[in-house]
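A.B. asks: dropping the sequence and predicted coords here.
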Amino acid sequence: MKTKFKETEIGVIPEDWEVKSIETVADVVGGGTPSTKNSEYWDGDIPWITPRDLSNFKFRYIAKGERSITKKGLEDSSAKLVPENTVLLTTRAPVGYLAISKNEVSTNQGFRSLIPKNGVKTEFLFYLLKNNVEILKSNSSGTTFGELSGSRLKSLQFAFPNISEQQKISKVLSDLDSKIELNQNMNKTFEAIGQAIFKHWFVNFEFPNDEGKPYRSSGGEMVYNEELGKEIPSNSRVINLGELIELDKGLSYKGAFLTNNENGLPMVNLGTFRPLGGFNDDQMKYYSGEFKERHLVKSGDLVIANTDITQNRVILGSPSLIPSYLNSQKILFTHHVYAVRNKNNLIKNEFLYYVLQSSEYRNRAKGFATGTTVLALPRDAILELPIILFDESILNNFDKLITNIIKKIETNYLQILNLSKTRDSLLPKLMSGKIRVPVEAN
């Protein structure tokens, strides 16, 4: 049956839907921060969520943040404990991050948490707000940064179908997100496996010997290296990374030529780096202006974040392998990025990628950071990094193992991209009633 529509104060909606304000469908609760000077308030067993916890959060449900507070911290501050299945919405710096509490949590003052009532489905409310983030932002005010007040949020009106249809709409979107999250969790496992193999082989020196047994624990000969201050396999040597690679720094390309659609060259920028290595596809920008050929990389190349404008050193020095599914021979990189140019192919980019995820390198990157307004990573911090160069056969065997893992990760990411596009396409159509989900009659 064709959907009939009606005109309302918020526009045209399906005839059988109702316009409701947020305050009629949810209790809106603010958050707070206990005094950071009082140690009795911190490191307790109450999860405490901040907007930063959601900045790179890719899931719907969140159980905890970076920090936690004590019961005393909760009682002596304006922080509130909200129940599981509460929609957590950031309403300042920035407006529009969303998650659902997996259990009881508290938040800082950057949130207005929505506790559904009157039978409204939590996931429907989550997707409704997700679809209307721009409306939330447009209703915020402030000069330094926008803030959506509790009273303004409560007064906002949206269209709501009946409970049964809310559930059906949520299930369509939730099934897609569940598959996306499954792939994300699989990739976390694959990434952990890759790092574990690297550590086992090249940190613990348990790579397979000629008999296929772990080198060090099977009596492999070790020699003391003064530069590293530890024993290393006798068939290896220590060199500076600069003997194997060169670094090219990108250029600051004009923002006027940057877009979020694919009508230009894909561009690697700080947003595409994940803190401990990897690639953020949804942060990819595209550039349609003029560029220099030396600022191009291709799929499979290694790039490194050389600045960290967040001033917390989370991204600084992070490596990333350009994923093969970008399927482009022209990928641009900015001035915040070093491109790695392999001099002699003694090591593969995949091996170097894991070297640059190691704690030794990460600590070095932090220690060499310079600057006050913007942190920067000097070339020498990378080029003068001492690394152990292993026998070619060992590196080739590692490459075979790790390449297979990286391919599985990229296959999953490609599925994530396609599923995300499907979800994002369906979201506004389902929330406006342009696509209706059949609901069985009672």
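C.D. replies: Received the coordinates, thanks.
A.B. asks: list the contacts for Glu18?
C.D. replies: By C-beta atoms under 8 Å, 6 or more residues apart in numbering, Glu18 lies in contact with Ala159, Phe160. To be clear about C-beta, it is placed using only N, CA and C from the backbone, and glycine gets the same treatment.
A.B. asks: which SS state does Thr403 fall under?
C.D. replies: helix (DSSP: H, G, I helix; E, B strand; the rest coil).
A.B. asks: now it: closest residue in space, sequence neighbours ignored.
C.D. replies: Glu350 (6.2 Å; C-beta to C-beta, 6 or more residues apart in numbering).
A.B. asks: these two touch, right, that neighbour and Asn396?
C.D. replies: No. Look at Glu350 against Asn396 with C-beta atoms under 8 Å: they stay out of range, at 11.2 Å.
A.B. asks: what about the helices in the stretch 101-250 of the chain?
C.D. replies: With DSSP state H, counting those that start in this stretch applied, the stretch 101-250 of the chain shows helices at 122-131, 133-138, 150-155, 163-202, listed in chain order.
A.B. asks: hey, which of those helices is tucked in deepest?
C.D. replies: helix 122-131 (a mean of 23; mean count of other C-beta atoms under 10 Å).
A.B. asks: elements contacting that helix?
C.D. replies: Applying 3 or more C-beta pairs under 8 Å, 6 or more residues apart in numbering; DSSP states H and E, one finds that helix 122-131 contacts strand 87-91, strand 95-101, strand 111-116, helix 163-202, helix 392-432.
A.B. asks: immediately after the lowest-mean-pLDDT helix or strand in the chain, which helix or strand?
C.D. replies: Here the helix or strand of the chain ranked lowest by mean pLDDT, DSSP states H and E is strand 258-259, holding a mean of 84. On the C-terminal side of strand 258-259, the nearest following helix or strand under DSSP states H and E is strand 265-268.
A.B. asks: contacts for that next one?
C.D. replies: By C-beta under 8 Å, 6+ apart, the list of residues contacting strand 265-268 reads 250, 253, 258, 284-288, 291, 297, 303, 320, 322, 326, 328, 330-334, 337.
A.B. asks: hmm, 10 Å instead?
C.D. replies: Contact with strand 265-268 is made by 250, 253, 257-259, 272, 279, 281, 283-289, 291, 295-297, 299, 301, 303, 305, 320, 322, 326-328, 330-334, 336-337, 339, as judged by C-beta atoms under 10 Å, 6 or more residues apart in numbering.
A.B. asks: adjacent strands (with direction) for that strand?
C.D. replies: Partners of strand 265-268 in the sheet, by DSSP bridges, are strand 285-287 (antiparallel), strand 331-333 (parallel).
A.B. asks: looking at those strands, which is buried most?
C.D. replies: strand 331-333 (a mean of 24).
A.B. asks: ok now that one, how far from the chain's centre?
C.D. replies: Offset of strand 331-333 from its chain centre (C-alpha atoms, centre = their mean, to the nearest Å): 20 Å.
A.B. asks: for that strand, what is the average pLDDT?
C.D. replies: What strand 331-333 shows for mean pLDDT is 93.
A.B. asks: check stretch 201-215 too.
C.D. replies: If you average the pLDDT over stretch 201-215, you get 96.
A.B. asks: so for it, what gets flagged as buried?
C.D. replies: Neighbour-count burial for stretch 201-215, counted by 16 or more other C-beta atoms under 10 Å, picks out Trp201, Phe202, Phe205, Glu206, Phe207, Asn209, Pro214, Tyr215.
A.B. asks: in what helix or strand does the most centrally placed residue in the chain lie?
C.D. replies: The chain has Asn56 as the residue nearest its centroid, 3.7 Å off, counting by C-alpha atoms, centre = their mean. Under DSSP H and E, no helix or strand contains Asn56.
A.B. asks: re earlier: how about the helices and strands packed on helix 122-131, which one is nearest Ile22?
C.D. replies: strand 111-116 (7.0 Å; C-beta to C-beta).
A.B. asks: sheet partners, orientation included, of the closest one?
C.D. replies: The strands beside strand 111-116 in its sheet (DSSP bridges) come out as strand 26-30 (antiparallel), strand 87-91 (antiparallel).
A.B. asks: what angle do strand 111-116 and the very next helix or strand once past the first one make with each other?
C.D. replies: Translated: strand 26-30. Using DSSP H and E, the helix or strand that follows strand 26-30 in sequence is strand 42-49. Between strand 42-49 and strand 111-116, the angle comes out at 70 degrees (axes from the mean of the first three to the mean of the last three C-alpha atoms, to 10 degrees).
A.B. asks: contact partners of the helix or strand following strand 42-49?
C.D. replies: Proceeding N to C from strand 42-49, the next assigned helix or strand is helix 51-54, under DSSP H and E. Here helix 51-54 makes contact (C-beta under 10 Å, 6+ apart) with 47, 62, 64-67, 88-99, 105, 107-108, 110-111, 310, 312, 314.
A.B. asks: just the buried residues of the residues you listed.
C.D. replies: 47, 62, 64-65, 67, 88-99, 105, 107-108, 110-111, 314.
A.B. asks: picking that back up, show me the contacts for the residue nearest to the centre of the chain.
C.D. replies: Neighbour list for Asn56: Gly271, Arg274, Pro275, Asn280, Gln283, Val314 [criterion: C-beta under 10 Å, 6+ apart].
A.B. asks: among the residues you listed, which ones are buried?
C.D. replies: Buried residues within those, counting neighbours by 16+ other C-beta under 10 Å: Arg274, Val314.
A.B. asks: can you lay out the contacts of Asn56 as JSON lines showing distance to Glu221 and pLDDT?
C.D. replies: Below are the contacts of Asn56 laid out as JSON lines (distance: C-beta to C-beta, whole Å; pLDDT from 0 to 100):
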{"residue": "Gly271", "distance to Glu221": "47", "pLDDT": "86"}
{"residue": "Arg274", "distance to Glu221": "38", "pLDDT": "85"}
{"residue": "Pro275", "distance to Glu221": "38", "pLDDT": "80"}
{"residue": "Asn280", "distance to Glu221": "43", "pLDDT": "82"}
{"residue": "Gln283", "distance to Glu221": "47", "pLDDT": "80"}
{"residue": "Val314", "distance to Glu221": "40", "pLDDT": "79"}
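A.B. asks: show me the two of the contacts of Asn56 that sit farthest apart.
C.D. replies: The span of these, defined through C-beta to C-beta, is set by Gln283 and Val314 at 14.1 Å.
A.B. asks: one step back: the residue nearest to Thr403 contacts Ile322, doesn't it?
C.D. replies: No. Assessed by C-beta atoms under 10 Å, Glu350 is found out of contact with Ile322, at 11.9 Å.
A.B. asks: which neighbours do those two share?
C.D. replies: In contact with both Glu350 and Ile322: Gly300, Leu302, using C-beta under 10 Å, 6+ apart.
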